[in-house]
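**Student:** my questions concern the predicted model and sequence given below.
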Amino acid sequence: MSKDSDPRQQIKAAINRLQPLPEAEWEAFAAQMTLKRYPKGAFLVKEGQVENHIYFLNSGATRHYFIRDGKEFTVDFQFAGDFVTAYYSLITREPSAVYITVLEEAEAWSIPFSALQYFYDRSKYSERIGRLIAEGEYVKRLRKEMSLLSLTAEERYTALMARNPALVARLSVKHLSSYLGIQPESLSRIRRQFGKS
């Protein structure tokens, strides 16, 4: 298999951006990953389950959400090139408070929690990768909280569009308006304005 056709190259590049791994460590780590395909509507984790994997999306998209009083609240979207997990559950080993569902057919690497712990214990490089992913999650959450408090709905929509414009344009009004914290009617107006710009 040529390097260019190796399906692991995308996740390897993402990990190397965090912390380059010696080749032997990379190969040992990669041996623990499983490439899986998920149809639209599949769940990576459900509320009440303990998260036991971290995923890396080669393609497709996912959505984090929770349900309160029968209403869904979208808290995040992930696209190709993103790591995906119910992070709070993964690190605390407590039941997940969120669902993670596949929005568009996805191909993802699945990495077991047990494998992560094994490599964290044995490799300073892997431990650093884990720390940097955790720091990234914290920064992402803080930016989301700050954007809800300080940015207009239009600015929040623009920021999300910058991540994956083609896919964001296909997201349902219901899911997207919930994520942005606005009414569906307001989102429809923003989308019309955005389309004109």
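**Tutor:** Arrived safely, thanks for sending. Numbers count the residues shown, from 1 in each chain.
**Student:** I'd assumed residue 91 was in a strand, is it?
**Tutor:** No - when DSSP: H, G, I helix; E, B strand; the rest coil is applied, residue 91 is found to be helix, with no strand at that position.
**Student:** with adjacent residues omitted, what lies nearest to it?
**Tutor:** Nearest residue to residue 91, sequence neighbours excluded (CB to CB, 6 or more residues apart in numbering): residue 134, at 7.4 Å. For the C-beta atoms, the positions are set from N, CA and C on the backbone; glycine is no exception.
**Student:** over to residue 148?
**Tutor:** Among residues not flanking residue 148 along the chain, residue 181 sits closest, at 5.5 Å (CB to CB, 6+ apart).
**Student:** so what's the residue count around the one you found?
**Tutor:** 14 (other CB atoms under 10 Å).
**Student:** next up, phi/psi of it, please.
**Tutor:** Dihedral angles phi and psi of residue 181 (degrees, to the nearest 10) take the values phi 70, psi 40.
**Student:** what's the longest strand in this structure?
**Tutor:** Longest strand of the chain, by residue count under DSSP state E: strand 53-68.
**Student:** chain center to that one: distance?
**Tutor:** Distance of strand 53-68 from its chain centroid, counting by CA atoms, centre = their mean, to the nearest Å, is 5 Å.
**Student:** equivalent analysis for stretch 15-31, please.
**Tutor:** Remark: stretch 15-31 is offset 20 Å from the chain centroid, using CA atoms, centre = their mean.
**Student:** ditto for stretch 123-143
**Tutor:** Distance of stretch 123-143 from the chain centroid (CA atoms, centre = their mean) equals 13 Å.
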